[in-house]
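> Pasted the sequence and its predicted model underneath.
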Amino acid sequence: MELFDLTGQVAVITGSSKGIGKAIAERMAEHGAKVVISSRKAGPCAEVADAINAKHGEGRAIAVPANIASKEELQRLVDETNAAFGRIDILVCNAATNPYAGPMAGINDEQFGKILQNNVVSNHWLIQMVAPQMLERKAGSVIIVSSIGGLRGNALIGAYNISKAADMQLARNLAVEWGPSNVRVNTIAPGLVQTDFARYLWENPDLLKQVTDPAPLKRIGQPDEIAGAAVYLAAPASAYMTGQTLVVDGGITIAW
Ligand SMILES: NC(=O)c1ccc[n+]([C@@H]2O[C@H](COP(=O)([O-])OP(=O)(O)OC[C@H]3O[C@@H](n4cnc5c(N)ncnc54)[C@H](OP(=O)(O)O)[C@@H]3O)[C@@H](O)[C@H]2O)c1
């Protein structure tokens, strides 16, 4: 149990009202963490937090809505977490945006700017807000949910993939800067996962086949199949791992 024990740790997970973020919050709570559920909509966040408290006991989860596009709202997320739980030990930058599908030649400045803002700069903002207390305690784990898109070129989601590659480099850079203070920064790169975010991909039979045929496991993933990687990266089991990208994709990136 010790390797994966998160008892007493406080975890903030953005985009945790549904999908991968929700699964990460639920599994981290199961492993003992106190969790902060956050997304733009208060209602769904409260529902997830209430369910976790009902299962694991009052005081194990709070809901703090915040739009990752807003620096003020991210600061409020950090401040309300510190006020409620006194500290942040684990930060999962999971929420992301993809308002455009198509070739790079067709993307407008507003779309590209929004992708880079929400998927890279907002992660940097939130990490900057949380890091000082981690550095002072010489302990902390930051996890960015990237994508295997950040490892590949793709004609449909190029701008999104550029942002996800930047997340991997953000993790490598911060890992170098903060390793001496024992603050670890890693990313998870999921393959296609059955969530609303990727619905336009897995609901299209042709696109689904393009992903599942070459994948050794012959299927797409479920949100809960990403959560274990996040628990690992937050827990003592990964104490010697930093700056890395953990690929969880049914094997598609290693297949010919
Ligand atoms: N699904 C896949 O195939 C896949 C593959 C690789 C990587 N990923 C990555 O996995 C992460 C989670 O995606 P998912 O598939 O789990 O998506 P999802 O099921 O659609 O959930 C997205 C979550 O993020 C929140 N959110 C969206 N925009 C936000 C914003 N501006 N500010 C704050 N919260 C926001 C949503 O709630 P609200 O609408 O209430 O804000 C929701 O809680 C993303 O980083 C995505 O790039 C997904």
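In hand now; what should we look at?

> So what does the closest residue to residue 9 other than its chain neighbours have for phi and psi?
What sits nearest to residue 9 in space, not counting adjacent residues and going by CB to CB, 6 or more residues apart in numbering, is residue 89, at 4.2 Å. For every residue, glycine as well, the C-beta is placed using N, CA and C. Backbone torsions of residue 89, given as degrees, to the nearest 10, read phi -100, psi -30.

> so residue 89 makes contact with residue 143?
No: under the criterion of CB atoms under 8 Å, residue 89 is not in contact with residue 143, lying 11.6 Å apart.

> what touches both of those two?
Shared contacts of residue 89 and residue 143, defined by CB atoms under 8 Å, 6 or more residues apart in numbering, are found at residue 234.

> any idea how far the spatially most central residue of the chain is from the ligand?
In the chain, the centroid-proximal residue (CA atoms, centre = their mean) is residue 94; its distance is 2.4 Å. According to CB to the nearest ligand atom, to the nearest Å, residue 94 and the ligand sit 5 Å apart.

> which residues does that residue contact?
Residue 94 is in contact with 13, 14, 15, 16, 20, 21, 24, 145, counting by CB under 8 Å, 6+ apart.

> Then residue 63?
Residue 63 touches 36, 37, 38, 42, 45, 46, 48, 49, counting by CB under 8 Å, 6+ apart.

> quick one: which of those is most hemmed in?
The member of the contacts of residue 63 surrounded by the most neighbours (other CB atoms under 10 Å) is residue 38, with 33 neighbours in all.

> partner residues bridging that one?
Per DSSP bridges, the residues bridged to residue 38 are residue 14.

> That one contacts residue 11, doesn't it?
No: applying CB under 8 Å as the test, residue 38 and residue 11 come out as separate, 10.9 Å apart.

> Can you tell me which residue of the chain sits closest to the ligand?
Going by CB to the nearest ligand atom, the ligand is nearest to residue 19 of the chain, at 2.1 Å.

> Where do the helices of this protein begin and end?
Along the chain, the segments classed as helices by DSSP state H run 19-30, 42-56, 71-85, 109-116, 122-137, 158-178, 199-202, 205-212, 224-234.
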